[in-house]
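Chemist: Would you be able to build a 3D model of this:
(one chain, ligands or ions: 1)
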Amino acid sequence: MTASPDTRPALRIEDLSVSYLGGRNAGQPKETTALSSFSAEVLPGEVFALVGESGSGKSTAGFAVGGLLPPENTRVAGKVTVGGKTIPAKDYAALQKLCGRHIGFVFQEPSSALHPSIKIETQIGESLHGKLSSRQRKERVASLLQSVRLTPDKRLLKAYPHHLSGGMQQRVVLAIAMANRPSVLIADEPTTALDPTIRKEVLQLIRDLATDSRSGVLLITHDFGIVSHFADRVAVLYHGEVVESGVTRNVLSSPQHSYTKSLIASARGTTEELA
Ligand SMILES: Nc1ncnc2c1ncn2[C@@H]1O[C@H](COP(=O)(O)OP(=O)(O)OP(=O)(O)O)[C@@H](O)[C@H]1O
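Modeler: Numbers count the residues shown, from 1 in each chain. Modelled structure (predicted):
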């Protein structure tokens, strides 16, 4: 039986392995295995967190899904299914074609995702695929801005990124990432660079966008406090391997692995901040 579109995973990753050839720094071994046989499914409308400390391979997983790893020094195996298409992870070009349409990305630094000398209205408008009249384009831009809780007034539409706060910039990046109603949004440390007072709002917005749009969210974070507040399910990554995964509240209430326990213990501050 074929699964109906809404029960089909938003993203399926099967046996994804990634090695970097030649270390990042002098003295590192010639080949670093960053990810070993990683598999995961993100369902429509859910937030699935990938959590681990620095170097555990989280960003590598997100980049691999979008075909965004440097081809000259990576070796990749496995499969990615998104938007109803299954693509070998080593076919970087085919995966890149899905970016912007079936896969949206949000990274840590909003200012580097936005063009510094293009107005907000134009940047969002240009990210919309398909044939649209200029009136339809304007309407979609306004509704996208509203969906990220920004008022689409003239002042914002005609603003350049540097006129906006970091939190507003990240909302604009989210509007662009969601512009073509992607199957999956990959959010890699989306609030790490933001002021602590607005982190909760942006995370709640990502949570609500998943629910409202039925996009799946792959939330990449080092912080179990964020996971505990905003993720439905979680996979814990340690040295490129999943050591534990499950429904967030179950993992939180009875973590099985000592590494998971240490991540939970070190997140107490954020858990309180986000409460
Ligand atoms: N361009 C690169 N060249 C060589 N090794 C790399 C490169 N990028 C990442 N690595 C290695 O791959 C492993 C996983 O790195 P990755 O950045 O995916 O981890 P991460 O969990 O996202 O960490 P962080 O939160 O610090 O970005 C690490 O050992 C890292 O040193």
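Chemist: Report the buried residues of stretch 160-172.
Modeler: Within stretch 160-172, the residues scored as buried using 16 or more other C-beta atoms under 10 Å are 161, 164, 166, 167, 168, 169, 170, 171, 172. Where you see a C-beta, it was placed from the backbone N, CA and C, and this is true even at glycine.
Chemist: now do stretch 36-49
Modeler: Judged by neighbour count using 16+ other C-beta under 10 Å, the buried positions of stretch 36-49 are 38, 40, 41, 42, 43, 44, 45, 46, 47, 48, 49.
Chemist: The nearest residue to the third one once chain neighbours are set aside: which element?
Modeler: Spelled out, it's residue 41. Spatial nearest neighbour of residue 41, excluding adjacent residues (C-beta to C-beta, 6 or more residues apart in numbering): residue 9 at 4.3 Å. Under the criterion DSSP states H and E, no helix or strand holds residue 9.
Chemist: Show the pLDDT at residue 9.
Modeler: pLDDT for residue 9: 95.
Chemist: export the buried residues of stretch 36-49 to TSV and tack on distance to residue 242?
Modeler: Converted to TSV, these look like this (distance: C-beta to C-beta, whole Å):
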residue	distance to residue 242
38	6
40	8
41	12
42	14
43	17
44	22
45	22
46	17
47	17
48	12
49	12
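Chemist: want to try TSV for those residues, with distance to the ligand, secondary structure and pLDDT as columns?
Modeler: Formatted as TSV, the buried residues of stretch 36-49 follow (distance: C-beta to the nearest ligand atom, whole Å; DSSP: H, G, I helix; E, B strand; the rest coil; pLDDT from 0 to 100):
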residue	distance to the ligand	secondary structure	pLDDT
38	11	strand	98
40	15	strand	97
41	20	strand	97
42	17	strand	98
43	23	coil	97
44	25	coil	97
45	25	coil	97
46	21	coil	97
47	18	strand	98
48	16	strand	98
49	13	strand	98
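Chemist: Mind picking the one among the residues you listed that's closest to residue 99?
Modeler: residue 42 (15.9 Å; C-beta to C-beta).
Chemist: Run the chain-centre distance for stretch 56-65.
Modeler: 10 Å (C-alpha atoms, centre = their mean, to the nearest Å).
Chemist: Extract the CA atoms of that stretch and return them as CSV.
Modeler: C-alpha atoms of stretch 56-65 as CSV (Å, rounded to 0.1, in the frame of the first residue of the first chain):
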residue,chain,number,x,y,z
SER,A,56,29.4,14.8,17.3
GLY,A,57,28.4,15.1,13.6
LYS,A,58,25.1,17.0,13.8
SER,A,59,25.9,19.7,11.2
THR,A,60,27.5,17.1,9.0
ALA,A,61,24.1,15.3,8.9
GLY,A,62,22.2,18.5,8.0
PHE,A,63,24.7,19.5,5.3
ALA,A,64,24.6,15.9,3.8
VAL,A,65,20.8,16.0,3.5
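Chemist: now it: mean pLDDT?
Modeler: Here stretch 56-65 scores 97 as its mean pLDDT.
Chemist: repeat for stretch 221-232
Modeler: Averaging pLDDT along stretch 221-232 yields 96.
Chemist: got a list of contacts for that stretch?
Modeler: Stretch 221-232 is contacted from outside by 46-54, 58, 189, 191-192, 200, 203-204, 206-207, 219, 234, 247-248, 252, 263-264, 266-275, using C-beta atoms under 8 Å, 6 or more residues apart in numbering.
Chemist: End to end on that stretch, go ahead and measure it.
Modeler: End-to-end distance for stretch 221-232, by C-alpha to C-alpha, to the nearest Å: 14 Å.
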